[in-house]
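# With the sequence up front, the predicted model follows.
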Amino acid sequence: MEQDLIRERYDLSMARIQEILTEETVPENYRDYFRKVTEFIIQCGEVLKAKEDGSLDQMTLEEGRTLNHKLYADVLPENYETSYTNPAYAVKTLGEEYGKLLSYLYAEIRGDIIYAFEGRVLDLVIGNEALIEIYNLFEGETLPAAKEIKDVLYWSASDYCDVTLTYRVQEGVDPKLDFAKKIIMESDLSDLSYLYRFGAYISPEEEKTAAFLNSLPEEEIRKMADTYTDGYIRGFEVMGRDLSKKKTVSVRYPIGFERMVRQAVKNFESAGLSVIFCRSAVGSINRNPAGHGGYASSSPNRQYDYDHRYDSAVYMDKAFRDRKIGVLKTAYEQYKEDAAAYAGPAVIETFGEPGFEPVNKPEAWAFTEKQQNLYLEYRNLSMTVVNEYIPGDETSFTIIAFPVPAIGELFPEIFKETIRINTLDYELYRDMQQKIIDVLDTAEYVEITGKGENQTNMQVQLAAISNPEKQTKFENCVADVNIPLGEVFTSPKLAGTNGILNVGTVYIGDIQYRNLRMEFKDGRVVSAVCDNFVENGVIDQEAGHRLIVQGIMNGHETLPLGEFAIGTNTTAYAMAEKFGILDRLPILIVEKMGPHFAVGDTCYSWSEDSPMYNPDGKEMIARDNEVSILRKEDVSKAYFGVHTDITIPYKELERISAVHTDGTKTDIILDGRFVLAGLDELNRPLDEK
């Protein structure tokens with residue numbers, strides 16, 4: 001009955017939208033906007049019809065390409081400058097107040113592509129009815145006040161929060177939502193037309209990736225999948241957590257890797273785990289401005305994504321925050337059995353795309369200071385809700401990365417080398433890393449200094465050990481949750497952790513940061529700048545600072561140092577130097593190629609009270625710092641929902657030294673090379689390079 005009512009509303013709204021195409025009842029300078037948006041909605045309506053009659057699943061490769069390009073054409077770079085999804089163009093043609101609001105609306109409605117492919121009719125209705133209500137305002141004798149339009153958008157987001165947010169919770173924990181799984185497991189993967197059944201933007205990169213994986217021998221695919229799934233399962237063993245209590249795992253991956261993912265699904269199911277495929281968030285209510293989580297394709301236009309990253313500013317206020325938290329609690333209560341069975345995410349990342357240089361547009365939505373605080377408060381409150389239903393000390397994860405063809409002509413060779421570094425000798429690295437830990441366990445703090453133009457000069461204070469026979473300050477990280485292997489890490493003491501962290505270039509998310517510099521006092525960030533924005537030879541440090549706050553610190557003006565680590569994967573570093581791709585690697589690999597520092601939460605957030613043991617049997621005791629321990633008094637003060645790694649590559653490194661209580665020093669790395677006894681094997685790839 002409810003579905004019949006939703007369908008009736010959809011049909012009525014589509015009939016009204018069809019009429020808009022030929023009407024001339026709004027002022028002439030706004031007609032083009034409404035016609036463009038209604039034409040797009042009608043296109044998506046045709047997709048829904050094809051979905052429902054089965055013809056969508058029968059598209060040929062060429063038909064899929066044609067439809068995909070048609071649906072995404074308006075946001076592609078070559079068309080974006082004159083698209084109403086571009087807030088700069090919308091403001092130019094529709095005026096400042098109308099332009100920002102109507103650009104937001106069109107961007108939200110573009111989610112119709114996904115809703116049509118997945119048959120989510122109510123989500124289509126929500127956008128249709130909002131557009132019609134705003135169109136009606138423009139049909140009046142006088143133009144509407146901007147507040148009238150904003151009110152429509154506000155109440156649309158708020159009233160339907162229980163639909164959009166609840167579905168987001170469900171798709172994260174409920175394996176019965178199997179839209180993507182059916183495509184992955186039932187399609188003929190040798191026929192690349194299957195890619196166009198996801199509804200996501202498909203570029204030549206996804207086709208090239210899928211074709212390349214199709215060319216690999218079955219044993220290579222199994223090796224990739226086995227490394228990935230074995231690492232996930234080993235993570236539960238290493239953390240001492242009971243996987244047998246769990247029933248589901250969420251696979252987050254880039255479209256194009258279906259052949260590997262299909263094998264991974266079989267591996268997980270053999271281990272008793274059903275696989276969930278949750279799409280990267282579509283609407284602004286569920287998107288994270290700092291990134292996305294879920295399965296996804298490459299973006300049709302990263303500037304479009306950047307322009308709309310703060311679209312929730314349209315409706316973000318205290319009432320909405322409270323409404324959203326209430327809906328989140330209700331949703332998790334509704335799906336509490338699925339949530340309790342959830343084991344955590346297994347993530348595949350890619351690297352190799354050219355760097356993205358964003359343009360900051362004043363016309364784009366941005367949080368006010370008050371909204372920023374509300375957003376951060378929501379994140380803290382939501383983390384508490386999620387942890388109640390999915391306790392952090394009962395789950396685990398794994399993450400692995402592979403290159404994409406955009407990395408260049410040597411892609412096949414780089415891919416092969418990546419498989420090699422993802423499968424290095426576990427025991428060899430375990431033993432070498434233990435030698436580093438043995439020295440660090442005797443140190444009071446660590447000194448790290450840069451070489452040449454690198455201005456790094458950091459002093460990292462270490463936790464104290466009360467029982468050296470049974471305790472350790474550093475975790476010995478080999479190939480389990482974090483692939484490839486190759487690091488030892490700790491949660492530093494904040495008091496006494498001071499200095500400058502500098503790196504020449506580093507990729508974090510989609511953005512390449514140039515000459516990133518962060519200063520710490522007592523373990524907290526006190527300044528952060530980069531050289532990304534230069535005009536007429538002058539560096540705009542304020543713009544660089546805002547980029548860091550948005551992209552690295554997830555909206556926080558300051559964060560504690562949550563992790564210090566020393567990477568040991570010189571094989572990965574040698575690969576990067578050999579192919580000239582150091583500036584194209586993801587942080588997942590780069591963090592193993594030198595010392596790295598993570599701002600935000602510790603590696604043990606939400607599970608600090610769960611014991612963690614190294615392979616030698618010693619308990620890793622540095623799981624807390626002065627901020628995370630506040631969870632015992634006020635959990636909202638303990639966590640930030642961000643943990644961002646920043647690495648100094650070996651070639652920018654002068655020295656890493658363990659400094660003991662008597663003031664003596666033991667060098668671990670000197671002039672970019674490991675100098676401790678027993679670590680010669682780590683220097684071999686550097687020599688061969």
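Nice, thanks for sending it over.
# is it fair to say A50 lies in a helix?
Yes: under DSSP: H, G, I helix; E, B strand; the rest coil, A50 falls within a helix.
# Which residues are in contact with it?
The contact partners of A50, by Cβ atoms under 8 Å, 6 or more residues apart in numbering, come to L56. Using the backbone N, CA and C atoms, a C-beta is placed for each residue, glycine as well.
# Look up how far A116 lies from it.
The gap separating A50 from A116 is 9 Å, by Cβ to Cβ, to the nearest Å.
# quick one: buried residues of the longest strand seen in the chain?
If you go by DSSP state E, the chain has its longest strand at strand 493-508. Residues of strand 493-508 classed as buried: 493-494, 497-508 (neighbour count, 16 or more other Cβ atoms under 10 Å).
# Relative to D667, which of those is nearest.
Of all those, D667 sits closest to G499, with 17.8 Å by Cβ to Cβ.
# pretty sure that closest one is touching Q459, no?
Yes: using Cβ atoms under 8 Å, G499 is in contact with Q459, at 5.4 Å.
# about what we covered before: columns pLDDT on top of the buried residues of strand 493-508, output as CSV?
Below are these laid out as CSV (pLDDT from 0 to 100):
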residue, pLDDT
K493, 97
L494, 97
T497, 98
N498, 98
G499, 98
I500, 98
L501, 98
N502, 97
V503, 94
G504, 91
T505, 86
V506, 85
Y507, 80
I508, 84
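# closest to T384 among these?
T384 lies nearest to L494 out of the buried residues of strand 493-508, by Cβ to Cβ, at 22.7 Å.
# Next up, the contacts around the closest one.
Here L494 is in contact with 461, 522-524, 560-561, 625-627 (Cβ under 8 Å, 6+ apart).
# Return the members of those residues classed as buried.
Among the contacts of L494, those that count as buried by neighbour count (16+ other Cβ under 10 Å) are 461, 523-524, 560-561, 625, 627.
# In strands, which of those residues appear?
Within the buried ones among the contacts of L494, residues falling in strands by DSSP E are 461, 524, 561.
# now the residue of the chain most remote from its centre, what's its secondary structure?
Farthest-out residue of the chain from its mean C-alpha position, per Cα atoms, centre = their mean: E141, at 46.6 Å. Here E141 is recorded as coil under three-state DSSP.
# Next one: it from P27, what distance?
11 Å.
# repeat for E633
Distance, E633 to P27, using Cβ to Cβ: 58 Å.
# Please apply the same query to D645.
For D645, the distance to P27 (Cβ to Cβ) stands at 52 Å.
# still on that earlier bit, make CSV from the buried ones among the contacts of L494 and add distance to G326 and pLDDT to it.
Converted to CSV, the buried ones among the contacts of L494 look like this (distance: Cβ to Cβ, whole Å; pLDDT from 0 to 100):
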residue, distance to G326, pLDDT
Q461, 41, 98
G523, 35, 97
R524, 33, 98
P560, 30, 97
L561, 34, 98
N625, 32, 96
V627, 28, 96
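# Would you convert those residues into a markdown table that also reports distance to R430?
What follows is those, written out as a markdown table (distance: Cβ to Cβ, whole Å):
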| residue | distance to R430 |
| --- | --- |
| Q461 | 26 |
| G523 | 29 |
| R524 | 33 |
| P560 | 29 |
| L561 | 26 |
| N625 | 26 |
| V627 | 30 |
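# of all these, which comes closest to E619?
E619 lies nearest to N625 out of the buried ones among the contacts of L494, by Cβ to Cβ, at 17.0 Å.
# thought that closest one was touching G496?
No: with contact defined as Cβ under 8 Å, N625 does not count as touching G496 (11.7 Å).
# what do the two both touch?
Overlap of the contact sets of N625 and G496 (by Cβ under 8 Å, 6+ apart) consists of G523.
# So which of the buried ones among the contacts of L494 is the closest to T384?
Looking across these and measuring by Cβ to Cβ, the closest to T384 is V627, at 15.9 Å.
# And the closest residue to A200 other than its chain neighbours, how close does it get to V261?
Nearest non-adjacent residue to A200, counting by Cβ to Cβ, 6 or more residues apart in numbering: S297, 4.0 Å away. Counting by Cβ to Cβ, the gap from S297 to V261 is 14 Å.
# of D645 and P27, who's got more company?
Comparing D645 with P27 by neighbour count (other Cβ atoms under 10 Å), the higher total belongs to D645, at 23 against 10.
# Make sure the more buried one is indeed in a strand.
Yes: using three-state DSSP, the assignment for D645 is a strand.
# so what's it up against?
For D645, the contact set (Cβ under 8 Å, 6+ apart) comprises 563, 565, 587, 590-591, 596-598.
# What separation is there between it and K49?
Counting by Cβ to Cβ, the gap from D645 to K49 is 46 Å.
# Then Y72?
As judged by Cβ to Cβ, Y72 and K49 stand 19 Å apart.
# Name the residue in those two with the higher neighbour count.
Neighbours of Y72 and K49, each counted by other Cβ under 10 Å, are more numerous for Y72; the result is 20 against 12.
# Give me the helices and strands touching the strand or helix carrying that one, please.
Assigned by DSSP states H and E, Y72 belongs to helix 61-72. When contacts are defined as 3 or more Cβ pairs under 8 Å, 6 or more residues apart in numbering; DSSP states H and E, helix 61-72 packs onto helix 28-53.
# so what's the residue lying closest to D74 once chain neighbours are set aside up against?
Excluding the flanking residues, the one nearest D74 by Cβ to Cβ, 6+ apart is S83, at 4.8 Å. S83 sits next to 74-75, 89 when contact means Cβ under 8 Å, 6+ apart.
# Would you mind checking which of those residues is nearest to R168?
Distance to R168, by Cβ to Cβ, is smallest for V75 among the contacts of S83, at 22.4 Å.
# which residues does the closest one contact?
The contact partners of V75, by Cβ under 8 Å, 6+ apart, come to 83, 85, 110, 300-301, 304.
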